[in-house]
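Chemist: Sequence and predicted structure below; questions after.
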Amino acid sequence: MERVRRRGDKRKEVKEIVLNEVDRNLLAYERMKVELLRAHYGKMAVFCDGKLVAIASSLKEGVKKTRKVSKGKELFIKELFKPEEQTKAILSNLSI
């Protein structure tokens, strides 16, 4: 969402982009993606409130590790595989 704020002189407009929780988590992942794939390939990265809060071996472990930190906020959980591997896994599970 984009908001426009005016400060003093009406000719100057300051545009401020307001990110929701999902956007902040996705942006944090995108910034760290290369490093995460290199260091934690095959694991789960868990983000909350725009921050990496856990690396886990399973979904269950990731949720358990973040329960205290998340306090009911949305989590973004990403399996750390290369895009082509993810596509192959998804397509192999489709029954066409």
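Modeler: Looks like it arrived, so ask away.

Chemist: so where's the protein shaky on pLDDT?
Modeler: Within the chain, the segments meeting pLDDT under 70 span 1-19, 95-96.

Chemist: all strands of it, in order?
Modeler: 2-6, 13-17, 44-48, 51-56, 75-79 (DSSP state E).

Chemist: Need the contact partners of the longest one.
Modeler: This means strand 51-56. When contacts are defined by Cβ atoms under 8 Å, 6 or more residues apart in numbering, strand 51-56 is touched by residues 28, 32, 36, 40, 43-47, 62, 65-66, 69-70. Heads up, the C-betas are built off the backbone N, CA and C, glycines and all.

Chemist: and of those, the nearest to Leu91?
Modeler: Nearest to Leu91 among the contacts of strand 51-56 is Met44, at 21.0 Å by Cβ to Cβ.

Chemist: Now which of the contacts of strand 51-56 would you call buried?
Modeler: For the contacts of strand 51-56, a neighbour count by 16 or more other Cβ atoms under 10 Å gives the buried set as 28, 32, 36, 40, 43-47, 62, 65-66, 70.

Chemist: Relative to Pro83, how far out is Leu91?
Modeler: Per Cβ to Cβ, to the nearest Å, Leu91 is found 12 Å from Pro83.

Chemist: Likewise for Ser58?
Modeler: On the measure of Cβ to Cβ, Ser58 and Pro83 end up 21 Å apart.

Chemist: on that earlier part again, cross the contacts of strand 51-56 against helices and list the overlap.
Modeler: The helices, defined by DSSP state H, take in 28, 32, 36, 40, 62, 65-66, 69-70 from the contacts of strand 51-56.

Chemist: Extract the CA atoms of stretch 50-57 and return them as CSV.
Modeler: Below are the C-alpha coordinates for stretch 50-57, written out as CSV (Å, rounded to 0.1, in the frame of the first residue of the first chain):
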residue,chain,number,x,y,z
GLY,A,50,10.2,-9.3,8.7
LYS,A,51,12.9,-11.2,10.5
LEU,A,52,14.5,-14.7,10.3
VAL,A,53,13.5,-16.4,13.5
ALA,A,54,14.4,-20.0,13.0
ILE,A,55,16.1,-22.6,10.8
ALA,A,56,14.5,-26.0,11.3
SER,A,57,14.7,-29.5,9.8
